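Enquirer: need a 3D model of the following:
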Amino acid sequence: MTKPKAMRWKKGGCHCGAVAFEVQAPDEIELVECNCSICRMTGFQHYIVPKSRFRLLQGEDKLTQYSFNTGAARHLFCSVCGIKSFYVPRSHPDGYSVNFRCLNPEDFTSVITTTFDGRNWEQHVDSLKPLEKA
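Expert: Predicted coordinates:
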């Protein structure tokens, strides 16, 4: 039986500092790199967690929302600097996808990145891990 990985709260935020958050994560994580249009254009590296492992510390009033296509995903951007440090993904509406690029990489000992074919989302969404395994 595999021992569960220890979780710690790790801080993150946007470029200007108006939006700050914490995410509970192990020191060794697996990211998802998606090739859909918005992820490819913004360089978003997904670390998807249940809502219970995410805390917005400041900046709720600075967030602006963008939706497209089905409107299911809630893309949240800092209205000051334009950075999307986290959002509510279509694949996991009961969680958050945190942009690893908005966390301190020194807080992690191992980072593995897997790819996801978001251009063909409907055919591949079942390959994403459920939140209880995130």
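Enquirer: which residues sit against the top helix by length along the chain?
Expert: Under DSSP state H, the helix in the chain containing the largest number of residues is helix 37-42. Contacts of helix 37-42 from elsewhere in the structure, counted by C-beta atoms under 8 Å, 6 or more residues apart in numbering, are 33, 34, 44, 46, 68, 75, 84, 118, 119. Heads up, the C-betas are built off the backbone N, CA and C, glycines and all.
Enquirer: switch to 10 Å and redo it
Expert: Residues from elsewhere that reach helix 37-42 (C-beta atoms under 10 Å, 6 or more residues apart in numbering): 32-34, 44-46, 66, 68-69, 73, 75, 77, 82-84, 87, 97, 99, 101, 116, 118-119.
Enquirer: could you pick out the buried ones from those residues?
Expert: Buried residues within the contacts of helix 37-42, counting neighbours by 16 or more other C-beta atoms under 10 Å: 32-34, 44-46, 73, 75, 77, 83-84, 87, 97, 99, 116, 118.
Enquirer: out of the residues you listed, the closest to residue 18 would be?
Expert: residue 83 (9.4 Å; C-beta to C-beta).
Enquirer: quick check: the gap between the spatially closest residue to that closest one that is not a sequence neighbour and residue 74.
Expert: What sits nearest to residue 83 in space, not counting adjacent residues and going by C-beta to C-beta, 6 or more residues apart in numbering, is residue 14, at 4.0 Å. For residue 14, the distance to residue 74 (C-beta to C-beta, to the nearest Å) stands at 16 Å.
Enquirer: more crowded one of the two?
Expert: Using other C-beta atoms under 10 Å as the criterion, residue 14 and residue 74 rank with residue 14 on top: 25 against 16.
Enquirer: re the thing from before, name the residues of the longest helix of the chain that come out as buried.
Expert: For helix 37-42, using 16+ other C-beta under 10 Å, the buried residues are 38, 39.
Enquirer: only alpha carbons, please: show it as PDB.
Expert: The C-alpha atoms that make up helix 37-42 are tabulated as PDB, following Å, rounded to 0.1, in the frame of the first residue of the first chain:
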ATOM      1  CA  SER A  37      -6.400  27.400 -27.700                       C
ATOM      2  CA  ILE A  38      -6.500  29.300 -24.500                       C
ATOM      3  CA  CYS A  39      -4.000  27.100 -22.600                       C
ATOM      4  CA  ARG A  40      -1.600  27.000 -25.500                       C
ATOM      5  CA  MET A  41      -1.800  30.800 -25.900                       C
ATOM      6  CA  THR A  42      -1.400  31.600 -22.200                       C
END
